[in-house]
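*Asks:* sequence below, structure please.
(one chain, ligands or ions: 1)
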Amino acid sequence: MTAAAPTWPAGFAERYREAGWWRGETFGGMLRERAAAHPDRIAIVDPTGGPDGGRRTWTYGELDLRADRMAAGLTARGVGAGDKVVVQLPNVAEFFEVVFALFRIGALPVFALPAHRRTEIGYFCSFTGAAAYVIPATHGGFDYRELAARVREDAPELRHVFVTGGDPGAFTALSEVPLDPNPEPPVHGRPAPRDLAFLQLSGGSTGVPKLIPRTHDDYLYSVRGSNELCGVTADSVYLVALPAAHNFPLSSPGSIGALYAGARVVLSPQPVPDVAFPLIESEGVTITGLVPPLALLWTDAAPRSPYDLSSLDVLLVGGAKFSEEAARRVGPALGCTLQQVFGMAEGLVNYTRLDDPLETIVTTQGRPISPDDEILVVDDEDREVPAGATGHLLTRGPYTIRGYWNAPTHNARSFTADGFYRTGDIVRVTPTGHLVVEGRAKDQINRGGEKIAAEEVENHLLAHPAVHDANVVAEPDPYLGERTLAYVILRADAEPVTGPAVKRFVRTRGLAAYKVPDRVEFVTAFPTTGVGKVSKKDLRAAADPGVS
Ligand code: OOB
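*Replies:* Predicted coordinates for the structure are as follows:
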């Protein structure tokens, strides 16, 4: 199938609607309803977003109006239904103003992370033919205007760059986009619930990242289901500690979950205890989500912290495997319930339940949101393994995509003929239906929740004039879980080169810093399989003696 976004066959769609999973909701409509029901409740707290760097809040009514004004302004500038807009914003209130405006227009946000650089952003812009790109002026000491200038050179279709939080330089200030203080709410091109809402990024295991097409109906179901399982109500206060655009803090249950419930979203500029703990105390945060390295940091810091963390009810931990020992420390240290989450931007999300026995919470990664989430555990030949045995996780369901956006070749590999997504994760299922993640078959490094496609880094290494061949694998790291090890064979006639020089080279290629190999090891040959292919399995085993 060559359609831009493969979708659910009619029979499945009908079933998901009949079951009440898909309720015909849209993001724009959802916000409108919440704003009508409780206009004066606070929706967004941006602790440093005020004019003087102070606290700024938007009520549901304000967010709704801002989204309409922004939608009208973007429409006036020619951003229309179906256009792609690369959104690369940190945890600031404008993130929500922009994405809800795009949702209302029916334009698709392409969610980039603040860490992405020229290589990634250039690819997102050219692959999607993006009409606009939204950035902060600076963030974390980095000037995104310079990045935008470089990106624009290679992206002729990019008509607009909008800049928030500082001097826009050669571009347009985001605050200048809304022209009409009381615009007519957008009607034309209003998206239907089954339409695409946005493109999310995949962790990836291939040379170029794949884009994940999510619809209004399917995503809002995963959010509604998450709220129920995570206990999110109108009284909850969700702290966005991880980058706002990532699927975990967006929807599990995340900021969108909180807005769906009519709750309050607090944006933490950084996820570290020094920044997040004071916010937990001052804003009365009840729930948040972290990747394992940050959960370790919080667990270590909490007992010595002067801040009152007693409002925190639930800490979700996911994105990478959380060790049982670390999981056991969360409750006592933070005085809250741990909820493990094993999710993926492609869809399927598993949670331990708040009332699961502690042993289940600390030793499993949870079970699916939906009774209609189908789970298959198969061997290398796609045959189901006996109950409880370990194998490849395949899944299909009401909020798991049926294919990546514009990627028929990938799709043939990543999905079975009957529509199951090959997650690349190795799992087993306990008698209670909980999943335990035992490993990974995809060629990826999970660096503390940040996913790195080995092939992407290998391609950058191969561009170095002294490099003959390269293979990138994970090696264990006590804090991150995994870090990146690059095995490199130099050309026989090459000038000698050091590991740090190779890392510097990769850095100059303009990609996110977390993808630069942590360590480079020079070798003269790679182990091979019986048929003479490089054996990543043996390379991984050499990097981690614990792996078979
Ligand atoms: C989340 O989403 P992605 O798309 O960045 O990464 C998905 C992959 C999974 O296929 C798995 O390999 C890994 O991340 N993963 C875990 C895990 N949670 C995710 N591996 C072991 N244990 C876990 N608890 O990472 C994501 C999306 C929504 C909610 C939470 C995480």
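
*Asks:* nearest residue to residue 526 in space, please, no chain neighbours.
*Replies:* residue 534 (4.5 Å; C-beta to C-beta, 6 or more residues apart in numbering). From N, CA and C alone the C-beta is placed, and that goes for glycine too.

*Asks:* in the stretch 201-350 of the chain, what residue is nearest the ligand?
*Replies:* Across the stretch 201-350 of the chain, the shortest distance to the ligand (C-beta to the nearest ligand atom) belongs to residue 343, at 2.6 Å.

*Asks:* tell me the contacts of that residue?
*Replies:* 247, 248, 252, 318, 319, 349, 350 (C-beta atoms under 8 Å, 6 or more residues apart in numbering).

*Asks:* what do you get if the cut-off is 6 Å, keeping everything else the same?
*Replies:* Residues counted as contacts of residue 343 (C-beta atoms under 6 Å, 6 or more residues apart in numbering) are 252, 318, 349.

*Asks:* closest one of those residues to residue 371?
*Replies:* residue 349 (13.9 Å; C-beta to C-beta).

*Asks:* does the closest one count as helix, strand or coil?
*Replies:* Following DSSP: H, G, I helix; E, B strand; the rest coil, residue 349 is assigned to strand.

*Asks:* go on, residue 393?
*Replies:* strand.

*Asks:* right, and it touches residue 429 too?
*Replies:* No: Residue 393 is beyond contact range of residue 429, at 9.0 Å (criterion: C-beta atoms under 6 Å).

*Asks:* more neighbours: those two, which one.
*Replies:* Taking other C-beta atoms under 10 Å, residue 393 and residue 429 do not tie; residue 393 has more neighbours (27 against 21).

*Asks:* after the helix or strand harbouring residue 332, next one along is what?
*Replies:* Per DSSP states H and E: residue 332 is located in helix 324-334. Beyond helix 324-334 on the C-terminal side, the first helix or strand identified by DSSP H and E is strand 337-344.

*Asks:* now that next one: average pLDDT?
*Replies:* When pLDDT is averaged over strand 337-344, the result is 98.

*Asks:* starting from it, tell me which strands it pairs with and how they run.
*Replies:* strand 314-318 (parallel), strand 347-351 (antiparallel) (DSSP bridges).

*Asks:* dump those strands to a markdown table, plus mean neighbour count, mean pLDDT and distance to residue 90.
*Replies:* Formatted as a markdown table, the strands paired with strand 337-344 follow (neighbours: other C-beta atoms under 10 Å; pLDDT from 0 to 100; distance: least, C-beta to C-beta, whole Å):
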| stretch | mean neighbour count | mean pLDDT | distance to residue 90 |
| --- | --- | --- | --- |
| strand 314-318 | 25 | 98 | 21 |
| strand 347-351 | 26 | 98 | 24 |
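
*Asks:* now those in TSV, with distance to residue 540?
*Replies:* Listed next are these as TSV, based on distance: least, C-beta to C-beta, whole Å:
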stretch	distance to residue 540
strand 314-318	23
strand 347-351	25
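
*Asks:* so which of those gets nearest residue 49?
*Replies:* Taking the strands paired with strand 337-344 one by one with C-beta to C-beta, strand 314-318 is closest: 24.4 Å.

*Asks:* near the ligand, which residues of the protein?
*Replies:* Residues of the chain lying near the ligand by C-beta under 6 Å from any ligand atom: 203, 247-248, 252, 318-321, 340-345, 349, 365, 423, 425, 437, 440, 446, 451.

*Asks:* one more pass at 5 Å, please.
*Replies:* 203, 247-248, 252, 318-319, 321, 341-345, 365, 423, 425, 437 (C-beta under 5 Å from any ligand atom).

*Asks:* for the ligand, what's its nearest residue on the stretch 401-548 of the chain.
*Replies:* Closest point on the stretch 401-548 of the chain to the ligand, by C-beta to the nearest ligand atom, is residue 437, at 3.9 Å.

*Asks:* ditto for the stretch 1-150 of the chain
*Replies:* residue 113 (10.1 Å).

*Asks:* wait, that residue touches residue 243, no?
*Replies:* Yes: using C-beta under 6 Å, residue 113 is in contact with residue 243, at 5.3 Å.

*Asks:* look up phi and psi at the residue nearest to the spatial centre of the chain.
*Replies:* The residue lying closest to the centre of the chain (C-alpha atoms, centre = their mean) is residue 246, at 2.7 Å. Main-chain torsions, residue 246, degrees, to the nearest 10: phi -70, psi 150.

*Asks:* how close does it sit to residue 343?
*Replies:* 10 Å (C-beta to C-beta, to the nearest Å).

*Asks:* with residue 298 instead?
*Replies:* In terms of C-beta to C-beta, residue 298 sits 20 Å off from residue 343.

*Asks:* next one: residue 473
*Replies:* 24 Å.

*Asks:* do the same with residue 375
*Replies:* 14 Å.

*Asks:* again with residue 308
*Replies:* With C-beta to C-beta as the criterion, residue 308 and residue 343 are 30 Å apart.

*Asks:* thought the residue of the stretch 401-548 of the chain closest to the ligand was touching residue 365?
*Replies:* Yes: Residue 437 is within contact range of residue 365, at 5.1 Å (criterion: C-beta under 6 Å).

*Asks:* quickly list what's touching both of those two.
*Replies:* Contacts common to residue 437 and residue 365, judged by C-beta under 6 Å, 6+ apart, are residue 342.

*Asks:* okay, and the closest residue to residue 432 other than its chain neighbours sits in which element?
*Replies:* Among residues not flanking residue 432 along the chain, residue 360 sits closest, at 6.8 Å (C-beta to C-beta, 6+ apart). Under the criterion DSSP H and E, the helix or strand holding residue 360 is helix 358-363.

*Asks:* and the strands in the stretch 1-150 of the chain?
*Replies:* 42-46, 56-59, 84-87, 108-111, 132-136, 138-139, 142-143 (DSSP state E, counting those that start in this stretch).
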